[in-house]
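Visitor: What follows is a predicted protein model with its sequence.
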Amino acid sequence: EVQLVASGGGLVQSGGSLRLSCAASGFTFSSYWMHWVRQAPGKGLEWVSCIKSDYSTTYADSVKGRFTISRDNAKNTLYLQVNSLRDEDTAVYYCARDLAYTFDYWGQGTHVTVSS
Amino acid sequence: QTVVTQEPSFSVSPGGTVTLTCGLSSGSVSTSYYPSWYQQTPGQAPRTLVYNTDTRSSGVPDRFSGSILGNKAALTITGAQAEDESDYHCLLYMDSGIWVFGGGTKLTVL
């Protein structure tokens, strides 16, 4: 059974940093592209970042230069380092597995709250 | 910057048919954008309904179908049920490794 378990969220001051993790199981993690998606309170979904199986990465303009996606295939874990946090980064952060340019499995989400 | 457009809200009667759309602020949606659709209820993670324009995800009832209608991607629910009351999000792949979600449609079944 495919499982994605996100963790690492919390309350952080504006300008602070966090590292989000997503533990994957039930599939060959190294073979799949992986994504982070976020949802601000009461808002729609926003794609944040992708890391391909060859470790190449892409980012939404809203986070470029502040967020870094990475993966550890030995630990079957996806990461998102979030730096220079702003109020507008407050959101639930979901990890998701890529299938043919779509997201087929989603984690349960981890909450990030930025306080000013 | 490309904006993906969805109806903010829609209403359908139980047993009725509704078509939600996903367009672009500039240009037409085609299969090259690999449109996909997600259902989300409050407090829950999204659930994948349709990917690659018209392929239903495993376990999704066949009352959900995806297509291209004119210049937009579309999600049609045929025979809507009360449990279909949810938010629906579309996603487009913009090439160059960038994905963009629409603003979401809140569907009411009443």
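Guide: Received the coordinates, thanks. No experiment lies behind these values; they were computed from the predicted model shown.
Visitor: quick one: residue A:41 is in a helix?
Guide: No: counting by DSSP: H, G, I helix; E, B strand; the rest coil, one finds residue A:41 to be coil, located in no helix.
Visitor: Show me which residues of chain B are close to chain A?
Guide: Residues of chain B lying close to chain A by Cβ under 8 Å from any Cβ of the partner chain are B:1, B:34, B:36, B:38, B:40, B:45-48, B:51-52, B:57, B:87, B:89, B:91, B:93, B:96-104. C-beta here means a position set from N, CA and C on the backbone, and glycine is covered the same way.
Visitor: so residue B:110 makes contact with residue B:16?
Guide: No: contact criterion Cβ atoms under 8 Å: residue B:110 and residue B:16 do not qualify, at 10.2 Å.
Visitor: out of the two, which sits in the busier spot?
Guide: residue B:16 (12 against 8; other Cβ atoms under 10 Å in any protein chain shown).
Visitor: show me the contacts for that one.
Guide: B:79, B:80 (Cβ atoms under 8 Å, 6 or more residues apart in numbering or on different chains).
Visitor: For the residue of chain B positioned farthest from its centre, which three-state class applies?
Guide: In chain B, the residue that sits farthest from the middle, by Cα atoms, centre = their mean, is residue B:96; the gap is 22.3 Å. Judged by three-state DSSP, the three-state class of residue B:96 is coil.
Visitor: Residue 34: neighbour count?
Guide: You didn't say which chain, so I picked chain A. With other Cβ under 10 Å as criterion, residue A:34 counts 23.
Visitor: That was the other one, I meant chain B.
Guide: Using other Cβ under 10 Å: residue B:34 sits among 19 other residues.
Visitor: can I assume it is in contact with residue B:92?
Guide: Yes: using Cβ under 8 Å, residue B:34 is in contact with residue B:92, at 7.3 Å.
Visitor: What segments of chain B are helices?
Guide: Secondary structure of chain B (DSSP state H): no helices located.
Visitor: Which parts of it are strands?
Guide: With DSSP state E, the ranges of strands along chain B come out as B:4-5, B:9-12, B:17-24, B:36-40, B:47-51, B:55-56, B:64-69, B:72-78, B:86-93, B:99-101, B:105-109.
Visitor: Reformat those into JSON lines and put mean neighbour count next to each item.
Guide: Output for the strands of chain B, formatted as JSON lines (neighbours: other Cβ atoms under 10 Å in any protein chain shown):
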{"stretch": "strand B:4-5", "mean neighbour count": "19"}
{"stretch": "strand B:9-12", "mean neighbour count": "15"}
{"stretch": "strand B:17-24", "mean neighbour count": "20"}
{"stretch": "strand B:36-40", "mean neighbour count": "25"}
{"stretch": "strand B:47-51", "mean neighbour count": "22"}
{"stretch": "strand B:55-56", "mean neighbour count": "15"}
{"stretch": "strand B:64-69", "mean neighbour count": "17"}
{"stretch": "strand B:72-78", "mean neighbour count": "22"}
{"stretch": "strand B:86-93", "mean neighbour count": "24"}
{"stretch": "strand B:99-101", "mean neighbour count": "22"}
{"stretch": "strand B:105-109", "mean neighbour count": "18"}
